[in-house]
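**Q** No sequence on hand, only this structure:
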C-alpha cells in the first residue's frame, strides 16, 4: 500500500466547478454549455449534477473537491448565503492545494465591488462588455486549463483606410 498523500489531481473528475447565484443560473448554464461544447471541458454545474432526494450541500462540497478549478460567477448582486460559503470553501481549498485555481468571472451587469476579500486578489475574467465576449471566453478557458492566454488575435488593418 502506498502511503503517500493523495495528490489533488488524483481524484479530479471535472475541469471546472461553476459557482454562482441562482439569479444568474440561466447565463451560467449557457456558459457551461459553451465550455463543454466549444472547449471540450468537463463542467460541474449544480443543475446537471445534483440528484433529487440527496443532500445538495454535501454534493456541492464534493463537486468542488472533484474539480481542478472553480469559476466564481459574480453577477449584479453581492454574493450571499450558500454562494458566499462556496467562495470561501474554494479559496480555502486553494490554500491547501496551490494547483487548484479560483477564477472570478464577472457576468454582464456585475459590479467590481462585488469581487471582495481574497477573491479580489485573483486575476478575473470580464464578460461585462458583449463586444469582448470571445476574448473573455478565451481567457476563461485558458485559466481553467492553467495556461497563459497569450496574444489575442488583432484586427487586420485594411490597407485602403490607412
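**A** Arrived safely, thanks for sending. These numbers were taken from a predicted model, which means no experiment stands behind them. Numbers count the residues shown, from 1 in each chain.

**Q** Please count neighbours and contacts with C-alpha atoms only from this point.
**A** OK.

**Q** tell me the secondary structure for residue 68?
**A** Classification of residue 68 using DSSP: H, G, I helix; E, B strand; the rest coil returns strand.

**Q** wouldn't it be in contact with residue 41 here?
**A** No: counting by CA atoms under 8 Å, residue 68 does not reach residue 41; the two are 10.9 Å apart.

**Q** Find the residues that touch each one of these two.
**A** 14-16 (CA atoms under 8 Å, 6 or more residues apart in numbering).

**Q** ok, residue 68 and residue 41, which is more surrounded?
**A** More crowded of residue 68 and residue 41, by other CA atoms under 10 Å: residue 68, with 23 against 18.

**Q** how near is that one to residue 113?
**A** 27 Å (CA to CA, to the nearest Å).

**Q** again with residue 60
**A** Counting by CA to CA, the gap from residue 60 to residue 113 is 26 Å.

**Q** of those two, who's got more company?
**A** residue 60 (19 against 10).

**Q** now stretch 25-32, how far from the centre of its chain.
**A** 11 Å (CA atoms, centre = their mean, to the nearest Å).

**Q** And for stretch 37-52?
**A** On CA atoms, centre = their mean, the centre of stretch 37-52 falls 12 Å from that of its chain.

**Q** Same question for stretch 14-28.
**A** Worked out by CA atoms, centre = their mean, stretch 14-28 lies 8 Å from the chain centre.

**Q** how about the strands in this protein?
**A** 14-20, 43-44, 67-74, 101-106, 125-126 (DSSP state E).

**Q** Dump those strands into TSV; add mean pLDDT as well.
**A** Output for these, formatted as TSV (pLDDT from 0 to 100):
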stretch	mean pLDDT
strand 14-20	94
strand 43-44	94
strand 67-74	93
strand 101-106	92
strand 125-126	92
